[in-house]
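Chemist: coords please:
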Amino acid sequence: MFRRDLMAGIAAAAAIPALPVEAATGGTLRIAMTAADLPTAHGIPNNGFEGYRFLGYPPYDALVNWDLIHNPDKPANITPGLFTAWKIDPKNPLRWLFSVRQGVKFHDGSDFNADAVIWNLQRIYDEKSPHYDATSAPIVKAAVSMVAGYDKVDEETIAITTQYPFSFLPWLLTRVLMVSPTQFDAVGKSWAEFGKKPSGTGPFKISRVVPGQFIEMVRNENYWDKNRIPKLEKLVVSPMAEATTRIAALRSGQVDWIEVPAPDSIPSLKQAGYVVTTHPYPHTWPYCLNIEAGSPFQDVRVRQAANYAIDRVGLCDLLNGTAKPAVGLYPPDHPFFGTPAEKYTHDPNKAKALLAAAGYGPNKPCKAKIMISTSGSGQMLPIQMNEFLQQNFTAVGMQIDFDVVEWGTMLVAIRSDPKAPQSHGVQGVNISLSSVDPSTMFRYYAKDSWSPVNYNWGHYDSPAVTDLLKQAQASFDEGVQTKALASAHAKVVDDAAWVFIVHDLNPRAMTKKVQGFVPVESWFVDFTQISMA
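Modeler: Residues are numbered from 1 along each chain as shown. Reported below is the predicted structural model:
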């Protein structure tokens, strides 16, 4: 086994693409991602939140930014970005008024202004616009689906109208990144060409794009937030889907930082002097279940049985402590967890009894197919983890098979109707998902969010849950919001809307040369505070 792993590491090292050599001075940080390909660099990154982590927030600002510097031991909050302030129009509870930051320049030297905001919103929402981005707009629109309209009030004010009362809108505007209309025209009004020579307003500027190999970013010396002008001279990101490849790249000195080291490699990495960090963040790794007719998961007893069938503690042991058991979308100490009646433990006998009550048994196993990926943002080790779970399900009389796809294919599927061809006819999707903002449950569990409108892929439908979620987002009182969200979450857990499996602890490995990195409770990283010794 050792020789096999050693030879795999040697082969992986030979397959690593040639990366830029570290500058003698100034500090260049080279990172290996888990993605199989480079995220799109044109201001709507694909590859999930890993795309936003590396090719979203470093080169671009959102309308509202994440605060990734303060309170590292609390879930990340929002902070003004290219919108400096916001309020509800006193005459219309569906209309928000946003103040546009003045004096900001895009990397190409053109002005960021209210007209640029409208132009970027047209890219996402106006299918008749000449610069509508049909390929990438759904990545944003699927999450920020409640926008009904927008207009320029004056040079300093933008109005955005929602379809229903939605107090959490500023949180979701973190997904709306601003790109340069001037640069789009300069490259021939093509989003593909813009991705080769992009221009945003962020703390880093994309200086070089080598498709399939790496993207290089340099410090934006003129960034508008002087406290976040990067300490690094350069930031280089590369796709490396295989954990063995990433580890080989780190050990050989070709990169300085890797995402998700293989759990069994962590002790030897630490012994060799590398820094390995873990930290809780708003992450869950579930099976999103198809609840519609024809799926065995339409029966709540089958869904509950699947939750009682799995050995979460054993799975976390397999992951060498880089994850913790999940018994809901949120961990039990979260204010939104509530008080569900169901306490999911590893209880095969209870799982068998529930399956028997639903009409399944030795002569009639419960059969389902789950879409899983080979890698991806927050996916950890999906193949090995699902092989472990498959044994758990077999032990209670569930025959679970897998549809193995690439990460990008899964991201399209989760935004599609479960009956659509993109969903491959599966009864569940094993996808890592976030809970970064208070509107998360509305996107996952409300009837208004049934795919393809938003992320309720399996069409879970509980009138009580939808009503509670609407109560929360119609209120600006934090106490009212918390009470409604906790009640909704308890119902979601009792209904076993998903199979809740683990929460990732976001492991990373890096050389000791990396200075100033502080793990925060977020999917994202503020690279402006990092330097190289």
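
Chemist: for the residue nearest the centre of the chain, helix, strand, or coil?
Modeler: What sits nearest the mean C-alpha location of the chain, by CA atoms, centre = their mean, is F49, with 3.3 Å. Secondary structure for F49, judged by DSSP: H, G, I helix; E, B strand; the rest coil, is helix.

Chemist: Pretty sure A134 sits in a helix.
Modeler: No. Checked against three-state DSSP, A134 lies outside a helix; its state is coil.

Chemist: I44: what's it in contact with?
Modeler: Applying CB atoms under 8 Å, 6 or more residues apart in numbering, we find I44 in contact with R123, I124, D133, S136, A137, I139, V140, L177. For every residue, glycine as well, the C-beta is placed using N, CA and C.

Chemist: Check the secondary structure at it for me.
Modeler: Assigned by three-state DSSP, the conformation of I44 is coil.

Chemist: same check, this time on T345
Modeler: Here T345 is coil, with the state taken from three-state DSSP.

Chemist: ok, now which ones touch E50?
Modeler: Listed by CB under 8 Å, 6+ apart, the contact set of E50 reads M33, T34, A35, P39, E259, G376, S377, G378.

Chemist: E127 and A134: what is the separation?
Modeler: 7 Å (CB to CB, to the nearest Å).

Chemist: er, M510 I mean
Modeler: Applying CB to CB, the value for M510 to A134 is 38 Å.

Chemist: Ok, P45 next?
Modeler: 16 Å.

Chemist: Looking at these two, which one has more neighbours?
Modeler: P45 (26 against 8; other CB atoms under 10 Å).

Chemist: Disregarding residues adjacent in the polypeptide, which is nearest to that one?
Modeler: G51 (3.1 Å; CB to CB, 6 or more residues apart in numbering).

Chemist: mind listing the helices in the stretch 151-300 of the chain by residue range?
Modeler: Using DSSP state H, counting those that start in this stretch, the helices of the stretch 151-300 of the chain run over 169-172, 181-186, 191-194, 243-251, 266-271, 300-309.

Chemist: Any buried residues in the longest one, and which?
Modeler: So the one you mean is helix 300-309. By neighbour count, with 16 or more other CB atoms under 10 Å as the criterion, the buried positions of helix 300-309 are R301, V302, R303, Q304, A305, A306, N307, Y308, A309.

Chemist: next SSE after it?
Modeler: Next in sequence after helix 300-309, counting helices and strands by DSSP states H and E, comes helix 312-318.

Chemist: What pairs with the following helix or strand past that following helix, parallel or antiparallel?
Modeler: Next helix or strand after helix 312-318 toward the C-terminus (DSSP H and E): strand 323-325. Sheet pairing of strand 323-325 (DSSP bridges) gives strand 498-504 (antiparallel).

Chemist: And the partner strand, how far out from the chain middle?
Modeler: From the chain centre to the centre of strand 498-504 is a distance of 15 Å (CA atoms, centre = their mean, to the nearest Å).

Chemist: which other helices and strands contact the helix or strand just after it?
Modeler: Sequence order places strand 508-510 as the next helix or strand after strand 498-504, per DSSP H and E. In terms of contacts (3 or more CB pairs under 8 Å, 6 or more residues apart in numbering; DSSP states H and E), strand 508-510 is packed against helix 243-251, strand 257-259, strand 275-277.

Chemist: so where do the strands sit in the stretch 301-450 of the chain?
Modeler: Taking DSSP state E, counting those that start in this stretch as the test, the strands found in the stretch 301-450 of the chain are 323-325, 366-373, 398-405, 428-429, 433-434.

Chemist: Determine which stretch of those is the most buried.
Modeler: Mean neighbour count (mean count of other CB atoms under 10 Å) peaks for strand 428-429 among the strands of the stretch 301-450 of the chain, with a mean of 28.

Chemist: pLDDT of that one, averaged?
Modeler: Averaged over strand 428-429, pLDDT sits at 98.

Chemist: what about the residue nearest to P45, how many neighbours?
Modeler: 21.

Chemist: need the contacts of I44 in a markdown table with pLDDT, distance to F204 and neighbour count, can you?
Modeler: Output for those, formatted as a markdown table (pLDDT from 0 to 100; distance: CB to CB, whole Å; neighbours: other CB atoms under 10 Å):
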| residue | pLDDT | distance to F204 | neighbour count |
| --- | --- | --- | --- |
| R123 | 98 | 21 | 23 |
| I124 | 98 | 23 | 22 |
| D133 | 98 | 22 | 21 |
| S136 | 97 | 20 | 18 |
| A137 | 97 | 24 | 19 |
| I139 | 95 | 21 | 23 |
| V140 | 96 | 21 | 23 |
| L177 | 98 | 13 | 26 |
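
Chemist: can I get these in JSON lines with distance to D151?
Modeler: Below are those laid out as JSON lines (distance: CB to CB, whole Å):
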{"residue": "R123", "distance to D151": "16"}
{"residue": "I124", "distance to D151": "15"}
{"residue": "D133", "distance to D151": "20"}
{"residue": "S136", "distance to D151": "23"}
{"residue": "A137", "distance to D151": "19"}
{"residue": "I139", "distance to D151": "24"}
{"residue": "V140", "distance to D151": "19"}
{"residue": "L177", "distance to D151": "20"}
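
Chemist: wait, isn't R251 in contact with A272?
Modeler: Yes. With contact defined as CB atoms under 8 Å, R251 reaches A272; the gap is 7.4 Å.

Chemist: So which of these two has more stuff around it?
Modeler: R251 (19 against 11).

Chemist: And that one, how far from P267?
Modeler: Going from R251 to P267 by CB to CB gives 14 Å.

Chemist: From M398, how far out is the residue of the chain positioned farthest from its centre?
Modeler: The outermost residue of the chain relative to its centre, with distances by CA atoms, centre = their mean, is N363 at 40.6 Å. Per CB to CB, N363 is found 14 Å from M398.

Chemist: same deal with S439?
Modeler: Counting by CB to CB, the gap from S439 to M398 is 33 Å.

Chemist: same check, this time on L433
Modeler: 22 Å.

Chemist: cool, and A353?
Modeler: As judged by CB to CB, A353 and M398 stand 13 Å apart.

Chemist: Contact partners for the closest residue to S129 other than its chain neighbours?
Modeler: Sequence neighbours aside, Q122 is the residue nearest to S129 in space, at 4.1 Å (criterion: CB to CB, 6+ apart). Q122 makes contacts with S129, H131, Y132, as judged by CB under 8 Å, 6+ apart.

Chemist: quick one: secondary structure of Q122?
Modeler: Per three-state DSSP, Q122 ends up helix.

Chemist: can you pull out the strands in the stretch 101-250 of the chain?
Modeler: Using DSSP E, counting those that start in this stretch, strands in the stretch 101-250 of the chain cover 147-154, 157-162, 204-210, 214-219, 234-239.

Chemist: out of these, nearest to Q391?
Modeler: With CB to CB as the measure, strand 234-239 is the member of the strands of the stretch 101-250 of the chain nearest Q391 (31.0 Å).

Chemist: Show the low-confidence segments of the stretch 1-150 of the chain, by residue range.
Modeler: Low-confidence segments of the stretch 1-150 of the chain (pLDDT under 70): 1-26.

Chemist: which residues in it form helices?
Modeler: Using DSSP H, counting those that start in this stretch, helices in the stretch 1-150 of the chain cover 2-15, 48-55, 114-125, 137-141.
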